[in-house]
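how does the following fold in three dimensions:
(one chain, ligands or ions: 1)
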Amino acid sequence: MVWSNIRWKAFTFADEPAGSTSNPHGVQGLENCHFLKTVEDAQSIRSNIGENVEAACLPTTSDEERRRLLSFVISGGGPTGVEFAAELFDFLNEDLVRSFPKILRNEISVHVIQSRGHILNTYDEALSKYAEAQLAHDQVEVLTNSRVKEVRPDKIIFTQKNENGETVTKEIPHGFCLWSTGVGKLAR
Ligand SMILES: Cc1cc2nc3c(=O)[nH]c(=O)nc-3n(C[C@H](O)[C@H](O)[C@H](O)COP(=O)(O)OP(=O)(O)OC[C@H]3O[C@@H](n4cnc5c(N)ncnc54)[C@H](O)[C@@H]3O)c2cc1C
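The predicted structure is shown next:
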């Protein structure tokens, strides 16, 4: 009995390895997100960023639309989301603005939406706080106790628990969303 359970589990892991897919957590609109699984994902991220910055530079783009195009949202504040947010911030602010001098740094925004009370919540608390302080220094907005509910092509809908424990629904206009809320089993 024990042996057959072990064999069944080994088969299950081999058949549906954790990490093979991103975890959707039942959220609607993931077709409007980027993932970090394949080379194609990386290429698509790079093109999306380039296209947004080019469109943001056009004289015909309104101020509101430019801010939306330059609003980058990372859903999930685990190691994947946090490292991506920091790298993206550096890329946008150190590399891209040199090629696109018309882009004003203060129009670029990077947001991390994290459902738990801290980012990197599976690590030591000191590490979480250090990472939060570094991101705050870079003006990356970290929204904790916040859960993404829906990703629309132009905005993210999320709920946030306030200090009184009440849940309020909020939204952020975006031109780019990364889905980094952890790993799931292989989709069939
Ligand atoms: C059983 C198990 C044991 C492991 N042991 C180890 C180990 O010992 N050492 C090691 O290095 N690695 C280990 N790993 C791997 C490690 O956990 C992962 O590689 C790592 O956590 C992946 O980081 P991530 O950022 O992709 O996802 P996660 O760490 O899962 O982070 C995703 C974050 O997204 C948040 N989130 C989820 N849904 C939403 C939403 N709708 N809106 C906003 N936020 C959301 C979650 O709260 C979470 O904090 C283990 C994994 C598993 C499954």
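
tell me the residue of the chain that sits nearest the ligand?
Closest contact between the chain and the ligand, by CB to the nearest ligand atom, is at Gly78 (2.0 Å). From N, CA and C alone the C-beta is placed, and that goes for glycine too.

how long is stretch 107-127 end to end?
Terminal residues of stretch 107-127 are spaced 29 Å apart (CA to CA, to the nearest Å).

other SSEs contacting the one helix or strand Ala86 maps to?
Element membership of Ala86 [criterion: DSSP states H and E] is helix 79-90. Applying 3 or more CB pairs under 8 Å, 6 or more residues apart in numbering; DSSP states H and E, one finds that helix 79-90 makes contact with strand 71-75, strand 109-113, helix 125-137.

make it 10 Å
helix 39-57, strand 71-75, strand 109-113, helix 125-137, strand 141-143, strand 176-179 (3 or more CB pairs under 10 Å, 6 or more residues apart in numbering; DSSP states H and E).

need those in a markdown table with mean neighbour count, can you?
Shown next, in a markdown table, are the helices and strands packed on helix 79-90 (neighbours: other CB atoms under 10 Å):
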| stretch | mean neighbour count |
| --- | --- |
| helix 39-57 | 14 |
| strand 71-75 | 26 |
| strand 109-113 | 23 |
| helix 125-137 | 14 |
| strand 141-143 | 18 |
| strand 176-179 | 24 |
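
how about CSV for those, with distance to Pro24 added?
CSV is the format used below for these (distance: least, CB to CB, whole Å):
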stretch, distance to Pro24
helix 39-57, 15
strand 71-75, 11
strand 109-113, 15
helix 125-137, 25
strand 141-143, 20
strand 176-179, 8
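
so what pairs up with Cys177 in the strands?
On the basis of DSSP bridges, Cys177 is bridged to Val73.

ok, it - contacts?
29-30, 32-34, 48, 71-75, 111, 113, 148, 151-153, 155-156 (CB atoms under 10 Å, 6 or more residues apart in numbering).
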